[in-house]
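Undergrad: build me a model:
(chains A and B)
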Amino acid sequence: EAQVTQNPRYLITVTGKKLTVTCSQNMNHEYMSWYRQDPGLGLRQIYYSMNVEVTDKGDVPEGYKVSRKEKRNFPLILESPSPNQTSLYFCASSATLAKNIQYFGAGTRLSVL
Amino acid sequence: QKEVEQNSGPLSVPEGAIASLNCTYSDRVSQSFFWYRQYSGKSPELIMSIYSNGDKEDGRFTAQLNKASQYVSLLIRDSQPSDSATYLCAVNISPDYKLSFGAGTTVTVRA
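TA: Numbering: from 1, shown residues only, chains lettered A, B, ... in the order given. Model (predicted):
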């Protein structure tokens, strides 16, 4: 089954404790992206990757890091989480850049206390 | 100015009626336009994509695109309670790798 898998689905942590949210896709997609979703603000892009070892900032990259060492994986790293990073996070992937139809993971709900 | 703006909701329609959702965008060179549906607590799922001016129909859904007016809309005909969700407009902002989303319009279909 074609899918984008995120883990964990739910996470409660404390300020400053480094965490990683994993994302994996089994569709051999080149393009992957991370979004956060907050009430009234819609989906905002954090980082994206066009291929292995190629990443770039989206609209709200501050406080986040990513890596793309393998085509299928695109982890999101919060080196020192803060309460304003409490949000719902989605990973997405797409096969092409031109049409950019994105497939989303189930989401990770993060709370930073 | 936001890159993608949607008409504010929530939108409440009776079952069987037409729900009309609107979206405007700021980037004149955008080429790809999408409507995603998101149920509460779930991830967005693509329901329509449109790339050229005019109408595109898929079942009860019709997307309309007018690039000159920088406007894209979604019509849901014969609305069903299962259509109750938040609808997100997304636009491919140049260069091609960025997809910008509107804040979403929540639709409630009354039985």
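Undergrad: which neighbouring elements make contact with the helix or strand bottoming out on mean pLDDT in chain B?
TA: In chain B, no helix or strand scores lower on mean pLDDT, DSSP states H and E than strand B:98-101, which sits at a mean of 84. Applying 3 or more Cβ pairs under 8 Å, 6 or more residues apart in numbering or on different chains; DSSP states H and E, we find strand B:98-101 packed against strand A:42-51, strand B:85-93. C-betas here are computed from N, CA, C, even on glycine.
Undergrad: what is the burial count for residue A:18?
TA: Neighbour count for residue A:18, taken as other Cβ atoms under 10 Å in any protein chain shown: 10.
Undergrad: how far away is the closest residue to it other than its chain neighbours from residue A:105?
TA: The spatial neighbour of residue A:18 that comes closest, neighbours along the chain excluded (Cβ to Cβ, 6 or more residues apart in numbering or on different chains), is residue A:79 at 5.5 Å. From residue A:79 across to residue A:105, the span is 22 Å (Cβ to Cβ, to the nearest Å).
Undergrad: who's more crowded, those two?
TA: Taking other Cβ under 10 Å, residue A:79 and residue A:105 do not tie; residue A:105 has more neighbours (24 against 12).
Undergrad: returning to what we had before: paired strands for the least confident helix or strand of chain B, with orientation please.
TA: Strand pairing for strand B:98-101, determined by DSSP bridges: strand B:85-93 (antiparallel).
Undergrad: export the partner strand to CSV, keeping only CA atoms.
TA: C-alpha atoms of strand B:85-93 as CSV (Å, rounded to 0.1, in the frame of the first residue of the first chain):
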residue,chain,number,x,y,z
ALA,B,85,-15.1,19.0,6.5
THR,B,86,-12.6,21.7,6.1
TYR,B,87,-11.6,22.4,2.4
LEU,B,88,-8.1,23.7,1.7
CYS,B,89,-7.2,25.6,-1.4
ALA,B,90,-3.6,25.1,-2.5
VAL,B,91,-1.6,26.9,-5.2
ASN,B,92,1.7,26.0,-6.7
ILE,B,93,3.7,29.2,-6.0
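Undergrad: now that strand: mean pLDDT?
TA: The average pLDDT within strand B:85-93 is 91.
Undergrad: geometric centre of chain A: which residue is closest?
TA: Nearest residue to the geometric centre of chain A (Cα atoms, centre = their mean): residue A:34, 2.9 Å.
Undergrad: show me where the chain has its strands.
TA: Using chain A. For chain A, the strands defined by DSSP state E cover A:4-7, A:10-13, A:19-25, A:31-38, A:42-51, A:54-57, A:65-66, A:76-78, A:87-94, A:103-104, A:108-112.
Undergrad: not what I meant, chain B
TA: Using DSSP E, strands in chain B cover B:4-6, B:11-14, B:19-25, B:33-38, B:45-50, B:54-58, B:61-66, B:71-76, B:85-93, B:98-101, B:105-110.
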